[in-house]
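J.: show me the folded form of this:
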Amino acid sequence: MSDAAILWHAHQNDAVAVRKLLEEDPTLVNARDYDNRTPLHVASLHGWIDVAKCLIDFGADVNAQDRWRNTPLADAEGAKKHGMLELLKTYGGLSYGQNGSHFEPKAVPPPQPNKCDWEIDPSELDFSHSAIIGKGSFGEILKAYWRGTPVAVKRILPSLSDDRLVIQDFRHEVILLVKLRHPNIVQFLGAVTEKKPLMLITEYLRGGDLHQYLKEKGALSPSTAINFALDIARGMAYLHNEPNVIIHRDLKPSILLYVHLSLTPEKMWLTLIVMVDNLYRFGNDFRNVLLVNSNADHLKVGDFGLSKLIRVQHAHDVYKLTGETGSYRYMAPEVFKHRKYDKKVDVFSFGMILYEMIEGEPPLSSYEPYEAARYVAEGHRPTIRSKGFVPDLKELTEQCWAADMNQRPTFLEILKRLEKIKDNLPAEHHWHFFSG
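T.: Residues are numbered from 1 along each chain as shown. Predicted coordinates for the structure are as follows:
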């Protein structure tokens, strides 16, 4: 079992799953992520007492240090999780970093997004066994190795590394990714900005994209589709939450977000991060919803190419942004028609993805993408046929693609409803009776 599994369940406050993993492999209590954070760091930050107790029972180091030399107690202190503070202190937890006999006066905060924190020397990247996983007229995405770890490298063509707009878009993407951290967002590791070619390095996910997975598997069982939908909704709910509102605008079955937003909002202003697909730079080869591994355990959202930062006064404001961005087949009608829109455009796209997972084919597959978008903009919707659409799931999907964006639920509401639908699903083995 991988380290990622226990870190994931610790984040989800699933003490039962954490205990089961530790009973199978006690060494997982010492699992680490890219930032050297342990499951106890994760539980402490969120205040998950039961998970923390379970980890401590299995010998978790209460004073383990992360990349910034912070202990779990330092994280709990910063997040003001008072119950967690008391628990960790009971087991000898320290509220600052420690290193042997050397003690620092206070916790070391995570770095601000300075170039020195994420600039990577290209000599550290090993392309000797690289493989292209995405390609377009402006660059390519390769699987490579960084310090022995497989990574995904987005590499801009050297001939374009002096293009002002390309450099600007590239820097926007870096500025965005350096601030993101969440179990359903692809993790940014660093970038090469001082030498050519420009490169952006993220974690590499072995499972491929959801688009290809659906092409191979066809219709998913309701339980699998709902588990996938929950992963997407978790990432999007995180992005949509105030004070930082992120509109993806190209949510389609080809990438999932692994994000933790550490942005510091300015007073009186909220930051709207509009994430536009890499469509203009890398075509459709690099997809938007990725499977973490070949077991299809869960998904992450990624691909924040051509990002833009826009300040707005209220998170519920609507914005006159570029029309027809993203993928036509999953596009909300207000975007296609160049109308003002808000974060509910992502909810519309989510409904289309949910349809595709249950039906086993893209929405309006008999239409070309542009014609499908125009058909939807005229008020039409895909026809729901699959018996996998239990009544509550059918109702949720139809609300997600409502013509009036104000009638669409938020991702937090979607999460609650999906959890309820999941709990009420019939036993999985009954579903083959309804297929056909």
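
J.: name the helices or strands packed onto the longest helix seen in the chain?
T.: When every helix of the chain is counted residue by residue (DSSP state H), the longest turns out to be helix 222-240. If contacts are counted by 3 or more C-beta pairs under 8 Å, 6 or more residues apart in numbering; DSSP states H and E, helix 222-240 sits against strand 244-247, strand 299-301, helix 344-359, helix 411-424. From N, CA and C alone the C-beta is placed, and that goes for glycine too.

J.: reformat these into a markdown table and put distance to P158 next to each item.
T.: What follows is these, written out as a markdown table (distance: least, C-beta to C-beta, whole Å):
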| stretch | distance to P158 |
| --- | --- |
| strand 244-247 | 31 |
| strand 299-301 | 29 |
| helix 344-359 | 34 |
| helix 411-424 | 40 |
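
J.: who touches stretch 46-60?
T.: Stretch 46-60 has contacts (C-beta atoms under 8 Å, 6 or more residues apart in numbering) with 9-11, 13-15, 18-19, 22, 26, 29-30, 38-40, 42-44, 62, 72, 76, 79, 81, 83-84, 87-88, 91.

J.: and stretch 77-87, by the same measure?
T.: 43-49, 52-53, 56, 73, 76, 93, 95, 107.

J.: now for those: which two are most distant?
T.: K53 and A107 (22.7 Å; C-beta to C-beta).

J.: report the buried members of the contacts of stretch 46-60.
T.: By neighbour count, with 16 or more other C-beta atoms under 10 Å, the contacts of stretch 46-60 hold 9-11, 13-15, 18-19, 22, 29-30, 38-40, 42-44, 62, 72, 76, 81, 84, 87-88 as buried.

J.: mean pLDDT for the helices and strands packed on helix 222-240: which is lowest?
T.: Looking over the helices and strands packed on helix 222-240, mean pLDDT reaches its minimum on strand 244-247, with a mean of 54.

J.: dump the residue contacts of the nearest residue to M236 once chain neighbours are set aside.
T.: Spatially, and ignoring its direct neighbours in sequence, M236 is nearest to F411 (4.6 Å; C-beta to C-beta, 6 or more residues apart in numbering). Applying C-beta under 8 Å, 6+ apart, we find F411 in contact with 233, 236-237, 240, 346-347, 350.

J.: export those residues as a markdown table, with columns for neighbour count and distance to M357.
T.: Output for those, formatted as a markdown table (neighbours: other C-beta atoms under 10 Å; distance: C-beta to C-beta, whole Å):
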| residue | neighbour count | distance to M357 |
| --- | --- | --- |
| A233 | 28 | 13 |
| M236 | 29 | 15 |
| A237 | 17 | 18 |
| H240 | 22 | 21 |
| D346 | 28 | 16 |
| V347 | 25 | 16 |
| F350 | 27 | 11 |
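
J.: with respect to W146, which of the residues you listed is nearest?
T.: Of the contacts of F411, the one sitting nearest to W146 (C-beta to C-beta) turns out to be M236, at 28.3 Å.

J.: just to check, the closest one is in contact with F350?
T.: Yes. Counting by C-beta atoms under 8 Å, M236 does reach F350; the two are 6.8 Å apart.

J.: quickly run through the sheet partners of the lengthiest strand in the chain, with directions.
T.: In the chain, taking DSSP state E as the definition, the longest strand is strand 125-136. Here strand 125-136 is paired, per DSSP bridges, with strand 139-146 (antiparallel).

J.: who does the next helix or strand after the partner strand touch, helix- and strand-wise?
T.: For strand 139-146, the succeeding helix or strand toward the C-terminus, using DSSP states H and E, is strand 149-156. Helices and strands touching strand 149-156, by 3+ C-beta pairs under 8 Å, 6+ apart, are strand 125-136, strand 139-146, strand 199-203.

J.: report the buried residues of stretch 134-145.
T.: 134, 136, 138-145.

J.: now that stretch - C-alpha only, PDB.
T.: Extracted C-alpha coordinates of stretch 134-145, given in PDB (Å, rounded to 0.1, in the frame of the first residue of the first chain):
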ATOM      1  CA  GLY A 134       1.400  15.600 -24.200                       C
ATOM      2  CA  LYS A 135       2.400  17.700 -27.200                       C
ATOM      3  CA  GLY A 136       1.300  20.700 -29.100                       C
ATOM      4  CA  SER A 137       2.600  23.600 -31.300                       C
ATOM      5  CA  PHE A 138       4.000  25.500 -28.300                       C
ATOM      6  CA  GLY A 139       5.600  22.800 -26.300                       C
ATOM      7  CA  GLU A 140       5.400  19.300 -24.800                       C
ATOM      8  CA  ILE A 141       4.800  17.500 -21.500                       C
ATOM      9  CA  LEU A 142       7.200  14.700 -20.600                       C
ATOM     10  CA  LYS A 143       7.600  12.100 -18.000                       C
ATOM     11  CA  ALA A 144      11.100  12.600 -16.500                       C
ATOM     12  CA  TYR A 145      12.900  12.200 -13.200                       C
END
